[in-house]
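Chemist: Turn this into a model:
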Amino acid sequence: MYCEVCGVDAPTRHVSFHQNIGVLVMRFYRGCTGNLCKSCIHKTFWTYTAINMTLGWWGLISLIVTPFFVINNTVYYLMCLGMEPPAPGATQPQLTDEFFQRIGPHTDYLVQRLGQGGTLAAVSEEVASRAGVTPGQVALFVRAMAAQHQQQQGRQ
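Modeler: As a prediction, the model looks like this:
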């Protein structure tokens, strides 16, 4: 598996972290749900927990919601403590010339599978095994294609 936050090929676990910032009459929410590696789980948990504990309480709804978010985040974090960390020296995937040569013949299939409603994680695993690249590289490629498409749509 690959981490959906950093893209590193490492053991992952599905988690759902929530962050709340209360500002008296309104609140700001942020969430992170997906398959994350131990390093990203640790970083996300502590970032969201620090914000919840300091800024999460300042509002009527936030006063009620924030404790549930803190409990939820803590439970997910504790369930992940026994995970294996990413391998030493593991790096984020790169889109090299060799990657583009390998993925080229599989691009139409990749787009077709995503268009059929396949999840990015499942399709990335499938296409990576066909093309001889990593799932993290495929996911990074899809995100880059989506960003390029959105940029082109914004110009029109």
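
Chemist: SS state for the spatially closest residue to residue 58 that is not a sequence neighbour?
Modeler: Spatial nearest neighbour of residue 58, chain neighbours left out: residue 22 (4.0 Å); criterion: CB to CB, 6 or more residues apart in numbering. C-beta coordinates here come from the backbone N, C-alpha and C atoms, glycine included. Of the three states, residue 22 takes strand according to DSSP: H, G, I helix; E, B strand; the rest coil.

Chemist: Quick check: residue 22 touching residue 66?
Modeler: Yes - judged on CB atoms under 8 Å, residue 22 makes contact with residue 66 at a distance of 7.0 Å.

Chemist: what's near enough to touch the residue nearest to residue 58?
Modeler: Residues counted as contacts of residue 22 (CB atoms under 8 Å, 6 or more residues apart in numbering) are 55, 56, 57, 58, 59, 61, 62, 63, 66.

Chemist: again, only this time at 7 Å
Modeler: By CB atoms under 7 Å, 6 or more residues apart in numbering, residue 22 lies in contact with 55, 56, 57, 58, 59, 62, 66.
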